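Asks: Pasting a predicted model and its sequence here:
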Amino acid sequence: MAVSRKTGKLYYTDEEKEAALRNNNALEYALSHNYNLVRLGNSYYLKEHDSMVFKPDGSWFWNSQGKSGRALDFLIEYEGYSYTDAILELAGAQELPAPKRQAIEQSVKDLEKPKPFILPEKAANYRRMFAYLVKSRGIDHELVSQLEKENKIYQGITYAHFDIAGYDGHGQAWYTVKERFADKFKDVPLQKITLYNRNLEGAHIVSAIPAHIVHDFVRSKQTLAYQNVVMVGYTPQKQPYYASLRAMAGKYKVDVTGSHKEYGFTINENANSNTVCVFESPIEAMSYWSMCKELHSPRVSCPMISLGGVSTSYALKQFLQDHPQIQSIITGLNMDTAENGHNVAAGQLATDRIRQELGSKYHISVHKPNLNDWNDVLVNYRNNLAAITQQLQPARSAPVIHHTQQRGGPSL
C-alpha cells in the first residue's frame, strides 16, 4: 500500500493486485470476517439477507438484487468499498488481514463433500422458455428446438421453500422442506419413500412431500414457484452430469447442486471437426451458433462448449480428452471491460489461463465479442436487422408504384 505524493490517495502495487486476485474467494472472505452465515446444503446464506448465497467455488449471488461475483465484487457491491480499497483489503494491505485459508479449510471441505445431482422438475410446457430464448435472447428457433429434443435444455421449476429430494419409480418429483423454513411447514405430513437421482439411479430412502402437495402450496400462495431455463451437460455415455439454472426474469443464475463442471453444456459435440469453440455460459454458446448460422460461417458445424463460468477449465480439458481429434481452440469469452460495468476482466484472465495451460499442444485463437458477450452481439444484430427491414418496407398509407425495370438497373 502506498500513498500518492500529489493527491494523498492510496494506490496499490502490481504485487498487491496479484495478491488480491489470489484471495478473490467470497466464501473465504465472508467466513474469515465473521459474517453471520448459515449452512444450507453445499452453500451458505447470509442470515440477515437469505437471498445472499455463497458457493464453494468462491462466487456469491445476491438474488433479490440481481448481483453476483467474487470477493472483490462483494466488497464493492455489498460493503461499499472503492475498487482500490477493495484490492488493498483483499491483499491484506489495510488494517484487517487478508483471508486465511487454513483457518477456514475445514469449513470449505465440509461444503465440498459430494452432493447428489438431481435435475429440477420439468414444467408442464416450455412456452415461456421458447419465448425467452428466441424472442428475448434472439437465439435461433431451430437450435432451441433441437436442444430441447436432445434434453439439453428444458423449462424447470424450483420452489422458494422446498428442495427437490428425487424422483419416484414413476418419474414424479418429491421434495423436502428447506431447513430454515422447517417451522413454517412442520405440520405437513412426510412420507418415507425410495427416490432416485435420475433414470432410476442413486436410490435412497427419504421422508419427503409429493410434488402435488407443493403445487397446492403454490396455488394457495404459501410458496412461490420459479420458472427457469435448465441447461444440461452430459457424459459421452449420455448421462446428465451438470446443469445450470437461468431465471427468465431477473439475473438469477446458479449451478444445480451436485453438478460436475467436467461435463459442460455442449452443441455439436460429436461433429467431425478438429476445432472447438469455448464460451462462458450456455446462452453465449447458443448465441454464437446463431450468429454463425446467420452469417453462413463454417464454424456453425464446430463443437461448442460452455465452461459454466470462467473460474475453471475443467469442461474444456475433459472435452479435449474425450475428443482427441481436436487440434484448435477458439475462445469467445466475455469482454468484461470497465465500460461494460466490470472491475475485473475475468474473460481475459480465463483466456490467458487457457493459453498457458493448453497453448503448447493446441492452436489457440481468440474471437472477442465487440460488446460484453456474444448474446449482446446477437441481440444487437437482430435489433439492427429489424430496424433496417422496417425502413425498407413502404408505409401502409403510401400507394405502391410499379416501375418497369431498365436493363442493367438495380432492383430491391
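Replies: Received the coordinates, thanks.
Asks: Can you list the helices and strands that the lengthiest helix in the chain packs against?
Replies: When the chain is parsed with DSSP state H, its longest helix is helix 374-392. Applying 3 or more CB pairs under 8 Å, 6 or more residues apart in numbering; DSSP states H and E, one finds that helix 374-392 makes contact with helix 282-294. Every residue, glycine included, has its C-beta placed from N, CA and C.
Asks: list the buried ones in the helix it packs on?
Replies: Across helix 282-294, burial judged by 16 or more other CB atoms under 10 Å covers 282-292.
Asks: Give me the angle between it and helix 374-392.
Replies: Following axes from the mean of the first three to the mean of the last three CA atoms, to 10 degrees, one obtains 40 degrees for the angle between helix 282-294 and helix 374-392.
Asks: by contact count, what packs against helix 282-294?
Replies: Using 3+ CB pairs under 8 Å, 6+ apart: helix 282-294 touches helix 141-149, strand 240-247, strand 266-267, strand 275-279, strand 304-306, helix 374-392.
Asks: Show me how far the next helix-or-strand element following the fifth one is from its chain's centre.
Replies: What that stands for is strand 304-306. Downstream of strand 304-306, the next assigned helix or strand under DSSP states H and E is helix 314-322. The chain centre lies 18 Å from the centre of helix 314-322; the measure is CA atoms, centre = their mean, to the nearest Å.
Asks: what about helix 314-322, average pLDDT?
Replies: For helix 314-322, mean pLDDT is 94.
Asks: Show me the domain layout of this protein.
Replies: Split into domains by automatic domain parsing, the chain comes to 2-111, 161-223, 231-382.
Asks: Residue 121: which of these is closest?
Replies: domain 161-223 (4.2 Å; CB to CB).
Asks: start to end distance for the closest one?
Replies: Its start and end residues considered, domain 161-223 measures 6 Å (CA to CA, to the nearest Å).
Asks: List the residue ranges of the stretch 151-300 of the chain that fall below the pLDDT cut-off.
Replies: Along the stretch 151-300 of the chain, the model assigns pLDDT under 70 to residues 199-200.
Asks: Residue 148 against residue 142, yeah?
Replies: No. Residue 148 lies out of contact with residue 142 (CB atoms under 8 Å); the separation is 10.9 Å.
Asks: Between those two, which is the more surrounded one?
Replies: Using other CB atoms under 10 Å, the more surrounded residue of residue 148 and residue 142 is residue 148, with 16 against 11.
Asks: mind listing the strands for the stretch 101-250 of the chain?
Replies: In the stretch 101-250 of the chain, the strands defined using DSSP state E, counting those that start in this stretch lie at 121-122, 153-159, 162-167, 173-177, 191-195, 204-210, 225-234, 240-247.
Asks: With distance to residue 120 added, can I get the domains of the chain in a markdown table?
Replies: Output for these, formatted as a markdown table (distance: least, CB to CB, whole Å):
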| stretch | distance to residue 120 |
| --- | --- |
| domain 2-111 | 14 |
| domain 161-223 | 6 |
| domain 231-382 | 7 |
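Asks: closest one to residue 132 among those domains?
Replies: domain 231-382 (4.3 Å).
Asks: Residue 358: neighbour count?
Replies: 16.
Asks: same check, this time on residue 184
Replies: 13.
Asks: hmm, back to that, now the strands of the stretch 101-250 of the chain in CSV, with mean neighbour count and distance to residue 91?
Replies: Shown next, in CSV, are the strands of the stretch 101-250 of the chain (neighbours: other CB atoms under 10 Å; distance: least, CB to CB, whole Å):
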stretch, mean neighbour count, distance to residue 91
strand 121-122, 18, 44
strand 153-159, 22, 38
strand 162-167, 22, 38
strand 173-177, 22, 42
strand 191-195, 14, 47
strand 204-210, 15, 45
strand 225-234, 22, 35
strand 240-247, 22, 31
